[in-house]
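S.K.: got a sequence here, can you build the structure:
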Amino acid sequence: MITVSCSRGGRARHVSLRSRASGPPVDSLRACPLPLAVCADMAATSLPAWLILKSRAGTFRAFSTAMSPATRSPRPALRTTERTSKPERALRRKALPPRTEKMAVDQDWPSVYPVAAPFKPSAVPLPVRMGYPVKRGVPMAKEGNLELLKIPNFLHLTPVAIKRHCEALKDFCTEWPAALDSDEKCEKHFPIEIDTADYVSAGPSIRNPKARVVTLRVKLSSLNLDDHAKKKLIKLVGDRYCKSTDVLTIKTDRCPLKRQNYDYAVYLLTVLYHESWKTEEWEKKKTEADMEEYIWENSTSEKNILETLLQIKAAEKNLELSKEELLDADFD
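M.R.: Below is the predicted model:
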């Protein structure tokens, strides 16, 4: 018997073959990473030496040196994050009872829910249930109930809380001015209009990204602008100006807070106002062909008409007429 040993990756594989003269053709054949033809060639090359040894010695025994499990490289043990020692298990914090079991009957509820917040089952001492009942049972309890998180709640708007808010804001509120009894007067004294929106969101977060958007509207006729400044401001704002209503609309939503977007909108309006009053050097070089609209006063056509009228009056020997008289004269 001839044994060929092969090792790969720390594991041993061997193939055992027998010659035809000594007994059965093949004893065992196991999987080896080497091709079967290579293993057969290795066995054939060692066959003559085996016959010589057999003639000299009565018996021949071949051993295969396979790696024992003790000699294999040990595999790294998996790391476990669980604490299994008794001292560490004893130090684990025990779960405290919910807050609702410690609440008094006459407690100050606005202190529990002072502002808008998602539903907290540990802070609401009510047997609230919500959800679709399964198999004609009762709806799910409040503990771990996602349906209660999806809907908005008004636990912070109790009658006591609303009364406190009104009393706190009373010192900052004044009566409506009696002179502002119409919308026209309000637009005259307060030309800038600010629009914001608040949303009641359903979910674990009460914040809505659309609530930070601020829209500023103002009529250009209410601003102190001359003809040049008005045209330049319209050119700067682009499609934010509506010509039919004479309203400039500035919408800001870049900042994360509503107050920041309000300050940014007022800043943009201030910058546009001051930039429109500036006259650059290139604006002085504008020709009649570069104008946004045709202006008759001091135009080339007006000068040509005046020269023609002067020539007509010169032919009539009446040269004492001024420019206004020439334009108002009747040439029938």
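S.K.: now the helices for the protein?
M.R.: Ranges of helices within the chain are 36-45, 47-56, 86-90, 109-112, 147-150, 159-169, 183-189, 227-237, 258-276, 281-284, 300-315, 323-328, based on DSSP state H.
S.K.: what's the local residue count around the residue lying closest to Met130 once chain neighbours are set aside?
M.R.: Sequence neighbours aside, Glu147 is the residue nearest to Met130 in space, at 4.6 Å (criterion: Cβ to Cβ, 6 or more residues apart in numbering). Yep, even glycine has a C-beta here, placed from its N, CA and C like the rest. The number of residues packed near Glu147 is 14, by other Cβ atoms under 10 Å.
S.K.: I figured Glu147 hits Met140, correct?
M.R.: Yes. With contacts defined as Cβ atoms under 8 Å, Glu147 counts as touching Met140 at a distance of 7.2 Å.
S.K.: quick check: buried residues in stretch 298-316?
M.R.: Across stretch 298-316, burial judged by 16 or more other Cβ atoms under 10 Å covers Leu309, Lys313.
S.K.: tell me the mean pLDDT for it?
M.R.: Across stretch 298-316, the average pLDDT comes to 79.
S.K.: repeat for stretch 276-287
M.R.: Averaging pLDDT along stretch 276-287 gives 86.
S.K.: so what touches it?
M.R.: Residues outside stretch 276-287 that contact it (Cβ atoms under 8 Å, 6 or more residues apart in numbering): Leu225, His228, Ala229, Lys230, Lys232, Leu233, Leu236.
S.K.: swap the cut-off to 10 Å and go again
M.R.: 220, 223-226, 228-237, 290, 292 (Cβ atoms under 10 Å, 6 or more residues apart in numbering).
S.K.: now those residues: which count as buried?
M.R.: Among these, those classed as buried by 16+ other Cβ under 10 Å are Leu220, Leu223, Leu225, Ala229, Lys230, Lys232, Leu233, Ile234, Val237.
S.K.: could I get these as TSV with pLDDT and distance to Arg164?
M.R.: TSV is the format used below for the buried ones among the contacts of stretch 276-287 (pLDDT from 0 to 100; distance: Cβ to Cβ, whole Å):
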residue	pLDDT	distance to Arg164
Leu220	93	44
Leu223	93	42
Leu225	92	47
Ala229	92	50
Lys230	93	50
Lys232	92	52
Leu233	94	47
Ile234	93	49
Val237	94	45
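S.K.: and the residue nearest to Met130, what does it touch?
M.R.: The contact partners of Glu147, taken as Cβ under 10 Å, 6+ apart, are Phe119, Arg129, Met130, Gly131, Tyr132, Pro139, Met140.
S.K.: any idea how far the last one lies from Leu149?
M.R.: With distances taken as Cβ to Cβ, to the nearest Å, Met140 is found 12 Å from Leu149.
S.K.: which neighbours do those two share?
M.R.: Here Met140 and Leu149 have Met130 as joint contacts, going by Cβ under 10 Å, 6+ apart.
S.K.: picking that back up, in TSV, list the buried ones among the contacts of stretch 276-287 along with distance to Cys173.
M.R.: Formatted as TSV, those follow (distance: Cβ to Cβ, whole Å):
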residue	distance to Cys173
Leu220	33
Leu223	30
Leu225	35
Ala229	38
Lys230	38
Lys232	41
Leu233	36
Ile234	39
Val237	36
